[in-house]
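Trainee: Task: produce atomic coordinates for the following.
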Amino acid sequence: MSRIQPIDPARATGKAAELLSAVQKKLGVTPNMMRTMASSPAVLDAYLAFSGALAGGSLSAKLREQIAVTVAEANRCDYCLAAHHAIGARVGLSPRDLELARSADAADAKAKAVLVLARAVAKKHGEVSDADVASARAAGLSDGELAEVVANVALNAFTNSFNHFAATEVDFPAVSPALAR
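Mentor: Next up, the predicted model:
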């Protein structure tokens, strides 16, 4: 049972209603995570603004979804794994791409370097080694891309923590974190 009650979009008022309506219009659905965040419109607004800003960055939608899967796996977030498997498929990731992302792997060398770095940032709380950064640079990541990897990890760490704390009910097809680490 959710620790924070999701807001019913039909009963929402004020800023919560405005934000939830925009989510519904953009996605065609209003996911439980966003309905739960709407209990504080400031939280939902912050999430949407951060996510929207990163969507305008240099990392592709596919790569951002791969990062989300890598971070969700690292943080063992059932909700985010399920959500980003579904969203990843919608942006063109194959089931194999999604499975590889769970272990910070990808068929493309640069994407793999991004995911390895993302997992390191997530697991080491940003305190990565010079070798971690050098490896990413050797794979061709620019300073801007490095910054966006960190920002995408932070965004996903926030949603992972929010969903763990709120015990958000998963409303996507279930995907459980791997047991072995």
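Trainee: Could you use CA atoms for every contact and neighbour count after this?
Mentor: Fine.
Trainee: and the top helix by length along the chain, what's its mean pLDDT?
Mentor: Determined from DSSP state H, the single longest helix within the chain is helix 143-166. Averaging pLDDT along helix 143-166 yields 98.
Trainee: how about it: buried residues?
Mentor: Within helix 143-166, the residues that count as buried by 16 or more other CA atoms under 10 Å are 145-146, 148-157, 159-160, 162-164, 166.
Trainee: try stretch 89-96
Mentor: For stretch 89-96, burial by neighbour count (16+ other CA under 10 Å) applies to residue 93.
Trainee: and the end-to-end length of it?
Mentor: End-to-end distance for stretch 89-96: 10 Å, by CA to CA, to the nearest Å.
Trainee: count of neighbours near residue 128?
Mentor: 16 (other CA atoms under 10 Å).
Trainee: Which per-residue confidence value corresponds to it?
Mentor: Residue 128 is given a pLDDT of 98.
Trainee: Remind me which helix or strand it belongs to.
Mentor: In the assignment (DSSP states H and E), residue 128 maps to no helix and no strand.
Trainee: Surely it is in contact with residue 119?
Mentor: No - with contact defined as CA atoms under 8 Å, residue 128 does not reach residue 119; the gap is 10.0 Å.
Trainee: can you pull out the helices in this structure?
Mentor: 14-27, 32-37, 41-55, 61-74, 78-90, 95-102, 109-123, 130-138, 143-166.
Trainee: Most tightly packed of these?
Mentor: helix 61-74 (a mean of 26; mean count of other CA atoms under 10 Å).
Trainee: Could you figure out how far that one is turned away from helix 143-166?
Mentor: Angle of helix 61-74 versus helix 143-166, following axes from the mean of the first three to the mean of the last three CA atoms, to 10 degrees, is 50 degrees.
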